[in-house]
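J.: give me a model of this one.
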Amino acid sequence: MATSRGFFEFVAEQLSGLDGVSFRPMMGEYIVYFYGKIVGGIYDDRLLVKPTASAKELMPDAEFATPYDGAKQMLAVSDVDDKDFLAELINAIAAELPEPKKKY
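T.: So this is what the prediction gives:
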C-alpha cells in the first residue's frame, strides 16, 4: 500500500514551519530530508523516523516499524498533529546524524 496524497500533504504541512525540510518521492512513498540529511520517511500513511537516541528519548513509548521488507526498523511517530513536537523531533534527530556526503 502506498501513502495517500492526503496524508503526505498533511505531514508536509505539519513540517512546513521548518526551513530545510524537503521530500523525495520513492516508489509511492516519501523520504524526509532535513538540510540534506535523511531523518525519516512517510510509508503506508505513517511517519517513520530514524531511531536515534534523542528520538527514543522524545518518544519513549514509540513502536518500531519496518517501512518495507528488508529495511531497518524505524520509530513510528504517533503524534503527527503537534507541529511543535515534530519540529523538536526533526531538529534533534538531524543533530545526531552525520553531514551528508558531498557529491562531486
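J.: so what touches stretch 15-28?
T.: Contact partners of stretch 15-28, identified using C-beta atoms under 8 Å, 6 or more residues apart in numbering, comprise 2-3, 8, 12, 30-35, 41-42, 83, 86-87, 90-91. (C-beta placed from N, C-alpha, C; glycine too.)
J.: one more time with 6 Å, if that's ok
T.: Residues external to stretch 15-28 that are found in contact with it (C-beta atoms under 6 Å, 6 or more residues apart in numbering): 2, 30-31, 33-35, 87.
J.: same thing with stretch 81-99?
T.: 14, 18, 34, 37, 39, 49-50, 52, 54-55, 58, 79.
J.: which one (most neighbours) among the contacts of stretch 15-28?
T.: Compared across the contacts of stretch 15-28, Tyr30 has the highest neighbour count, 22 neighbours, by other C-beta atoms under 10 Å.
J.: helix, strand, or coil at that one?
T.: Three-state call for Tyr30 (DSSP: H, G, I helix; E, B strand; the rest coil): strand.
J.: just the one 3 residues further on next, same as before
T.: Following three-state DSSP, Tyr33 is assigned to strand.
J.: pLDDT value on it, please?
T.: Predicted confidence (pLDDT) for Tyr33: 97.
J.: could you do Pro60 as well?
T.: Per-residue confidence (pLDDT) for Pro60: 97.
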